[in-house]
Structures are given as structure tokens and as C-alpha cells.
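[1] sequence first, then the predicted structure, then my questions.
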Amino acid sequence: MSGASPLAGKPATSIPPVDIDRLVAAYHEQAPDPSDPAQRVSFGTSGHRGSSLARSFNAAHVLAITQAICEHRAAAGIDGPLFLGIDTHALSKPAMDSALEVLAANGVEARIAAGGEYTPTPALSHAILGWNRGRTHGFADGIVVTPSHNPPEDGGFKYNPPNGGPADTAITGAIQQRANELLEHGLGEVRRIGLREALAASTTREFDFLGRYVDDLGALIDFDAIRGADLRLAVDPLGGAGVAYWPRIAERWNLALDIVSEQVDPTFSFMSLDWDGRVRMDPSSAPAMQRLIALRERYDVAFACDTDHDRHGIVARSVGLMPANHYLAVMIDYLFAGRTQWRADAAIGKTVVSSAMIDRVAARLGRRVHEVPVGFKWFVDGLCDGSLGFGGEESAGASFLRRDGGAWSTDKDGIAPCLLAAEITARGGRDPGERYAQFCEEFGESHANRVDAPATREQKARLSKLSPARIRTDMLAGERIEQVLDRAPGNGAAIGGIKVVAANGWFAARPSGTEDIYKIYAESFRSRDHLDEILREAQDLVDRTIAA
């Protein structure tokens, strides 16, 4: 990652921790100004996110969004239970309480984790799919209260419809619009009862997310192979929603799995600082993963998940922490070669900013690549019907089908790729890093980087509308440009930015959907210098565009 802070990789105790009491007090006491765009409800690539300290994630937001979801359910005829899960961020429990007050007042049957347990995103998606399988009515949906890997001061709120995955833009757009109307009208139309009454309501019931998810993992992973290989394995839950899942997985499936830490701390002070000097629970970031990387020599494979366990990080003995794109390619090669019960025409889902190594692997496998914009929602339908065997994002989010070809989780599942890394190592005798090294020998070495830079909302809006017509050159870093895309080849949907492709390199530029930054992704199959040249040309283009 370019532009790294000198604090990157240092202990999180190097900076003052977030004041949790102040954060939670602001959630309840501060009210957003609906006339300020930064304080309105805004669904990015993965739900509404913000901080109570910035008045962008407060009780008013959650009450309004939940009421809008209740109205959406009624209009769509969704009358089964709504599964509700939270991660370990400090704002997640208060937000769940607010949501329950509205759900109960609206007569929605809410299913919450037994014993107040945290709920990983994939466990909630798995629960929705399990409930809806074979039904013709009474469909379930869900809410995940999480800002994913974002810093400790953030909160997040995401809606998953009956397909189990992130809601599409039509649904989130309608929910966002209605929620903002409710904010503008002072929440007068929000139905709400007290928390104690909501918890005691007949519509609020406990659900065993943990047991159902863990017990079903044998439909996804070959545990016999893992046990037979006598591997040394470790996992770091990063104080996230899966802290109670990993011990149960080890017990249920008889795995020799060391759990690095089961500590839950809403300041996440046990982390090392991310690339920009902030606390961020990103399992694919080397600066943030110093604790696990330090254990590399002790284990054949070690892994970690982010706070809601929808992202994975793989530490292989041979190479250390694998770049997310590298492991995506390894998973694809292994799964499509060995999952013989999958549809013969099942395609490989990737985003426009994922590595072109995936395309090279897919060509050898004889599988079609389904390339879509950033956002896991674009993979949901394909994972549901089996036309996609795998969907993955360069940000270390992925899900894949059951061994029999059925849907497992239509949201990102960080746990599944971690366990698959053990299966891959067990069955082939080589860890995922060694498998990727073979790709480099076969297809050439990939050099990749991503640049993040600050951008205002107005600048992000300009970048999102960048069209191929604005690219006034036919060369990229000394190579002729073959494609200029503002729509994804797989589904024709708008990228929200631009992608420029040459024979041995490409870049994509797009605004972040959750932070006030823009991102430039680039890759070269020639050299590191060639990559730097691509990035320089790309950043010059973006800077000129957003300054216009």
C-alpha cells in the first residue's frame, strides 16, 4: 500500500485508544443533521457506516433504517423471521438494541444469537439460506450490525434479503431514501417500544447460529483430509465475532488448532496499526497482522478473520502473509479442479479490481470468468443457483459452494477460506504460498499495488462518472491500451470509475463507497518498475479529473 504511515505495524498502544464511554454516549445523545450529506443515511458497497462521534452513525440512523427495512419487508411480502447479528465493535450492541425496539414494535419476528453471542456475517447468511431452503412462503432475511474491519470508533448496519447476500442497489436505495425521510421528519413515523419490552416480546427469540454453522461445515470442507495430514494450524480471531466459533470448530471436527487469542476488547488495543497508522482489523494487511505473521515458522498454515469474519488472511510458512489476490487464485485453482459435483459450466466470479492471475488460471481450467463491479452483492444470484462456483474480491472476501454444489453462504465468508487453506495444504502437501509460486513460473509474476488518497464527496462523485471518452491516450506505460471500461464485462453494470487494460498491465480507479478516499488498483506482469509507471500515469489522470 502506497503512502504508509511511519506508525504502520507498530503496536496499537502507540496511539491513544478510542474513548468507548464517549463513543457510546454520543450514539445515544447526538442527533444527525439531515441537511448535512455526511450525516445522512448512505448505503455504500456494504451497508451504512459511520461514527457516532461524527454524527454519521447514531441511534437516529439505526431507528430510521430499521423502520425502513420493516416497511420494505411488508411491501415485499417477507413475513418469516429476521435474523439479527452483531460483531464486537463498541457501537454494535447499542445498535442491535435500537433495532430490536423497532422490530418488536412492528411485529417482526427477530432471531438473535443464543446467550448474547456475537454472530459472524457468514453464519447469518448461512442461517437465512438454511431457513429458506425448500420454502415457498414465510421467507427469512437478516440484518448484520458491523462496520467490518473498520476502526473501533465506527459502526455499521447491513441488510441481507432472503437470498442471504448483501442487498442490491434497488433495495438499499429505497431503504436509504425512506430512512432519510424518517430522519427529516424527526422519526415521528418510527414505531418503537422500550428495550426491555422488546426483549420480552414473543416475536424476539434466540437462535443457535453457532451450532448450525459449525455442525454444517463438513458439507463445505474435507476435515478427514486435514486430520489425516497432522498439520500445525493456528487462528487469530482478531477479537471479532468468531471468537467462540473457532474453539467449537476445533472440538466438533477434532482439529489440532491453536487459537492465538480469545480476547475481546472494543478498543482493539492488541492489534498492530494498519498502513495509515490507524487501528483496523484487516486480516489481509501485513502491518495489521504483525502478531500472526510473527508465528509463521511455528505453523504449516495460520489464518485470521476480520471483526465480522467475512474476510480472511492466510499466513503460509513458505511466504508469510499472502496477498489476498494470490490466495484467491490458489482457491480457484484448487476448488475447480477438485469439486467434481459442481456444475460443469459453473463460472469464476471476480471483481474488476482483482488480479489478472485469476484470468490466467481460469483459462487453464477452461472456466468462464464473470467479472463484476466492486461489491459482493454482484455474486449472490450466481452462488444461489450454482452458476458461480466461487465469488471473490481483492479485499480478501470470498465464498464458494458446498461440496455438492449447493449454496453455502451468499455473503463473504472469512472462516471458509481459512479452513480451505488447511485442506489445500493437507491434500497436496504444499501450502498455498508454494502453490502460488507455481503460477508465477507458469504465467509470470504479478506485481500489484493499491494507492489510497483523500477525496471529498464532490471529488469522489467526479471520479465515479469518469468515462472512456476522458482517456485521451492509447498507451499505458509503454503498451498499447486494449480496453477502457466503465462497465463490468460480466454483467454490464457500471464500475463507478474506470479500468484501463493493456497486454501486461492494467489499472482501475474508483471512489471508496465507505470512506472519503479514492483508490487506484494496478497490476503488472512485467516488473515492479512497470507497475510504478502504471500507477504514476493513473494517479495523474485521477488527480486531473477530480480537480476539474
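    Looks like it arrived, so ask away.
[2] assign Ile112 to helix, strand or coil.
    strand (DSSP: H, G, I helix; E, B strand; the rest coil).
[3] I figured it hits Asp208, correct?
    No - look at Ile112 against Asp208 with Cβ atoms under 8 Å: they stay out of range, at 10.9 Å. For glycine as for every other residue, the C-beta is placed from the backbone atoms N, C-alpha and C.
[4] between these two, which has more neighbouring residues?
    Using other Cβ atoms under 10 Å as the criterion, Ile112 and Asp208 rank with Ile112 on top: 23 against 16.
[5] for that one, list the residues it contacts.
    Counting by Cβ atoms under 8 Å, 6 or more residues apart in numbering, Ile112 makes contact with Leu84, Gly85, Met96, Leu100, Thr204, Arg205, Glu206, Phe207.
[6] which intervals of this structure have sub-threshold pLDDT?
    1-3, 513-514, 548 (pLDDT under 70).
[7] gap between the two ends of stretch 383-403?
    End-to-end distance of stretch 383-403: 13 Å, with Cα to Cα, to the nearest Å as the criterion.
[8] still on that earlier bit, top of the contacts of Ile112 by neighbour count?
    Compared across the contacts of Ile112, Gly85 has the highest neighbour count, 29 neighbours, by other Cβ under 10 Å.
[9] what sits against that residue?
    Contact partners of Gly85, counting by Cβ under 8 Å, 6+ apart, are 112-113, 118-121, 123-124, 142-146, 209, 241.
[10] that one in helix, strand or coil?
    strand.
[11] re the thing from before, what's the closest of the contacts of Gly85 to Ala59?
    Ranked by distance to Ala59 (Cβ to Cβ), the contacts of Gly85 are led by Val145 at 12.6 Å.
[12] okay, and which of the contacts of Gly85 map to helices?
    Thr121, Ala123, Leu124, Phe209 (DSSP state H).
[13] just send those back as JSON lines, with neighbour count too.
    Formatted as JSON lines, those follow (neighbours: other Cβ atoms under 10 Å):
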{"residue": "Thr121", "neighbour count": "34"}
{"residue": "Ala123", "neighbour count": "31"}
{"residue": "Leu124", "neighbour count": "32"}
{"residue": "Phe209", "neighbour count": "25"}
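[14] looking at those residues, which one is closest to Gly397?
    Nearest to Gly397 among the ones in helices among the contacts of Gly85, with distances taken as Cβ to Cβ, is Thr121, at 9.5 Å.
[15] contacting residues for the closest one?
    By Cβ under 8 Å, 6+ apart, the residues touching Thr121 are Gly85, Val144, Thr146, Lys158, Ala241, Asp308, His309, Asp310, Asp411, Lys412, Asp413.
[16] return the backbone torsion pair for the closest residue to the fourth one other than its chain neighbours.
    Going back to what we said before, that points to Lys158. Of all residues not flanking Lys158 in the chain, Gly47 sits nearest, at 3.1 Å (Cβ to Cβ, 6 or more residues apart in numbering). Per-residue torsions, Gly47: phi 90, psi -180 (degrees, to the nearest 10).
[17] can you offset everything so residue one is 56?
    In the new numbering, first residue 56, that becomes Gly102.
[18] for Gly102, give the beta-bridge partners.
    Gly99, Thr100 (DSSP bridges).
[19] which helix or strand contains Leu474?
    helix 470-483 (DSSP states H and E).
[20] just the helices in the stretch 206-355 of the chain please.
    All helices of the stretch 206-355 of the chain, identified by DSSP state H, counting those that start in this stretch, fall at 224-239, 250-255, 264-270, 278-284, 300-307, 345-348.
[21] tell me which of those helices lies nearest to Ala392.
    For the helices of the stretch 206-355 of the chain, proximity to Ala392 was assessed by Cβ to Cβ; helix 278-284 is nearest, at 14.6 Å.
[22] not counting residues beside it along the chain, what's closest to Gly533?
    Nearest one to Gly533, counting by Cβ to Cβ, 6+ apart, is Glu588 at 7.2 Å.
[23] hmm, who's touching the helix or strand hosting the one you found?
    Per DSSP H and E: Glu588 is located in helix 583-601. Outside helix 583-601, the residues that touch it by Cβ under 8 Å, 6+ apart are 57, 502-504, 506, 508, 510, 514-515, 517-518, 521, 525-526, 531-533, 555, 559-562, 564, 573, 575, 577-579.
[24] PyMOL command for the buried members of those residues?
    What follows is the PyMOL syntax for the buried subset of the contacts of helix 583-601, where burial is set by 16 or more other Cβ atoms under 10 Å:
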select buried, resi 502+503+504+506+510+514+515+517+518+521+531+532+555+559+560+561+562+564+573+575+577+578+579
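[25] surely Arg233 and Thr121 touch.
    No - assessed by Cβ under 8 Å, Arg233 is found out of contact with Thr121, at 11.0 Å.
[26] of the two, who's got more company?
    Thr121 (31 against 19).
[27] my guess is Arg505 contacts Ile575. True?
    Yes - using Cβ under 8 Å, Arg505 is in contact with Ile575, at 6.7 Å.
[28] tell me the secondary structure for Gly404?
    When classified by three-state DSSP, Gly404 comes out as strand.
[29] tell me how far it lies from Arg423.
    The gap separating Gly404 from Arg423 is 10 Å, by Cβ to Cβ, to the nearest Å.
[30] the two: which has the busier surroundings?
    Between Gly404 and Arg423, counted using other Cβ under 10 Å, Gly404 has the larger neighbour count: 29 against 15.
[31] so the nearest residue to that one once chain neighbours are set aside: helix, strand or coil?
    Spatial nearest neighbour of Gly404, chain neighbours left out: Gly446 (3.5 Å); criterion: Cβ to Cβ, 6+ apart. Per three-state DSSP, the secondary structure class of Gly446 is strand.
[32] Gly446: how many residues sit nearby?
    28.
[33] show me what contacts it?
    Gly404, Lys405, Phe431, Trp433, Phe434, Gly437, Leu438, Ala453, Ser454, Phe455.
[34] so what pairs up with the second one in the strands?
    Using DSSP bridges, the beta-bridge partners of Lys405 come out as Glu426, Gly447.
[35] what sits against it?
    Contacts of Lys405 (Cβ under 8 Å, 6+ apart): Leu383, Ile413, Asp414, Val424, His425, Glu426, Val427, Gly446, Gly447, Glu448.
[36] okay if I get the residues you listed as CSV plus distance to Ala229?
    Converted to CSV, the contacts of Lys405 look like this (distance: Cβ to Cβ, whole Å):
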residue, distance to Ala229
Leu383, 32
Ile413, 33
Asp414, 35
Val424, 31
His425, 26
Glu426, 27
Val427, 22
Gly446, 24
Gly447, 28
Glu448, 25
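[37] quick check: Arg398 touching Gly444?
    Yes - proximity of Arg398 to Gly444 meets the contact threshold set by Cβ under 8 Å, at 7.4 Å.
[38] who has more neighbours, these two?
    Comparing Arg398 with Gly444 by neighbour count (other Cβ under 10 Å), the higher total belongs to Gly444, at 22 against 14.
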